[in-house]
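Asker: Predicted model, plus sequence, below.
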Number of protein chains: 2
Amino acid sequence: MCSAPLDGSADLTAKARIRTAAIQLFGQAGYARTSVRAIAAQAGVSPALVVHHFGSKEGLKRACDQYVAGELLDTEAAAYDQDLLGTMQRWLAEPAAFAAEFDYLSRMILEGSATGDALFDRLVERTEALLTHGAQAGHMSRFSDVRTTSLLVALLGLAPLLLSRQVGRALDESGLNAAALQKLALPTLELLTYGLYTGPEALEATRAAMESVEP
Amino acid sequence: MCSAPLDGSADLTAKARIRTAAIQLFGQAGYARTSVRAIAAQAGVSPALVVHHFGSKEGLKRACDQYVAGELLDTEAAAYDQDLLGTMQRWLAEPAAFAAEFDYLSRMILEGSATGDALFDRLVERTEALLTHGAQAGHMSRFSDVRTTSLLVALLGLAPLLLSRQVGRALDESGLNAAALQKLALPTLELLTYGLYTGPEALEATRAAMESVEP
DNA sequence: CAGCCGACTGAACAGGCGTTTAGGGTACTG
DNA sequence: CAGTACCCTAAACGCCTGTTCAGTCGGCTG
């Protein structure tokens, strides 16, 4: 009864099957709404085995955090060293292979998690490096506060992942699938290329307002 | 024992106190992690009274959804009719009065909620109207897909709220307080004014790549 | 072969959950 | 003054939770 190929990775260790099931269920419903019994059932084991391998539900979560973070950091170098398009196309090529881990990543960043916080910080740092190099090379704008701007760009990149349900609805797609990402690509580049405002009036008005409030 | 002024709005109806407590606790910890007993304790009533007034925990959530949505829609007209700065300054003036409702709004959009979905759709629609009028007036760029661009701008505006914990950490503030919002304001305007890229190369490259993949 | 260790399970535990029930108290109403 | 409607609670219900315990099985080691 343990050879049923529910997903692509069947016939693994029971421990690995538990981890896979936990990542999927935690990612779908969140930590609090997912029970140890549901994870055990999906993995085809008893609830007691989950505790035997991971100590507790919280320990299982930490193990999942580290596993997903490790997998994402492995692809991180590829994502930043070569072009972003290649990485995205690899993601788009495999439809739902990464989906579970992306869902889990979203939960990790939204719900409190030390690993998720570290991952977020790393994303902002990487974005800052990208902006700094881009500005030096001349094809990216120079900003007064590169760190906060990196935070904003990272937020814009992360937001569709965290709000995949809403984005999917807005784009008439089921969640953040390949088609949805394709629909987002060009408008994102347009917005980041042309900017929203045609002139510096709004920026200057805000600057003036803030200086008048806080001199 | 019901006269203890825990927050600013004491001595209300028990039903209103329950709602207020629920909005606060749901906003802080989320729906699944908040128990009816905790809400009842915070409101100074018995758990049974919660069910008596709202039917069930789910019914209480729906009532909170409608209440918060109503309060936000009341200020929506003011936020869009007059300038955005005035609304933001009103928010900043009252430190934590809106905080609980903003936390709740964040949960409403993240966790599945019909009212939250409707609120999100309304936000995108309003943003689209803003972009359309801005483009007609000439102080905003014209985009090939205004609807998707509005979605992106709405995401950028919403992201700090949903990730207030991460944004607070990145800006060395405790959550999304007034100081954090002030630190975000100018970089946001800079990014939306100058754009990220100095030239159309990245946009053209993406456009070419997508046309080659999907002719 | 004996011993042992780790994987694994069925059953049970205590506790928290949302909800129900029965009823007390109070205030308006005929 | 009796009736009634509503606010409100203490106690309990059944269920589900994470976790524990005792014990079985199988393979490896002395």
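Answerer: Cool, the structure landed.

Asker: Roughly how far does residue A:42 sit from DNA strand C?
Answerer: Distance from residue A:42 to DNA strand C, counting by CB to the nearest atom of the strand, to the nearest Å: 13 Å. In this view, the C-beta of every residue, glycine as well, is placed from N, C-alpha and C.

Asker: Residue A:48 now?
Answerer: The spacing between residue A:48 and DNA strand C, counted by CB to the nearest atom of the strand, is 3 Å.

Asker: Would you mind pulling the contact partners of the helix or strand encompassing that residue?
Answerer: Here residue A:48, judged by DSSP states H and E, is contained in helix A:47-54. Here helix A:47-54 makes contact (CB atoms under 8 Å, 6 or more residues apart in numbering or on different chains) with A:14, A:15, A:18, A:36, A:37, A:39, A:40, A:43, A:57, A:60, A:63.

Asker: Could you pull up phi and psi at residue A:175?
Answerer: Per-residue torsions, residue A:175: phi 70, psi -160 (degrees, to the nearest 10).

Asker: which one is it nearest to, not counting chain neighbours?
Answerer: Distance criterion CB to CB, 6 or more residues apart in numbering or on different chains; nearest residue to residue A:175, sequence neighbours excluded, is residue A:168 at 4.3 Å.

Asker: Mind checking the pLDDT average for the strand or helix carrying that neighbour?
Answerer: Using DSSP H and E, residue A:168 sits in helix A:164-170. Taken as a whole, helix A:164-170 carries a mean pLDDT of 96.

Asker: Next secondary structure element downstream of that helix?
Answerer: Sequence order places helix A:178-194 as the next helix or strand after helix A:164-170, per DSSP H and E.

Asker: Could you check that next one and say which residues are buried?
Answerer: A:178, A:180-194 (16 or more other CB atoms under 10 Å in any protein chain shown).

Asker: Quick check: next helix or strand after the lowest-mean-pLDDT helix or strand in chain A?
Answerer: The least trusted helix or strand in chain A, going by mean pLDDT, DSSP states H and E, turns out to be helix A:84-93, with a mean of 59. Under the assignment DSSP H and E, the closest C-terminal helix or strand after helix A:84-93 is helix A:99-110.

Asker: hmm, that following helix touching DNA strand D?
Answerer: No - judged by CB under 7 Å from any atom of the strand, helix A:99-110 stays clear of DNA strand D, getting no closer than 14.7 Å.

Asker: what residues does that helix touch?
Answerer: A:23-24, A:26-28, A:30-31, A:64-65, A:68-69, A:71-72, A:115-117, A:119-120, A:158, A:161-162, A:164, A:176, B:110, B:162-163, B:166.
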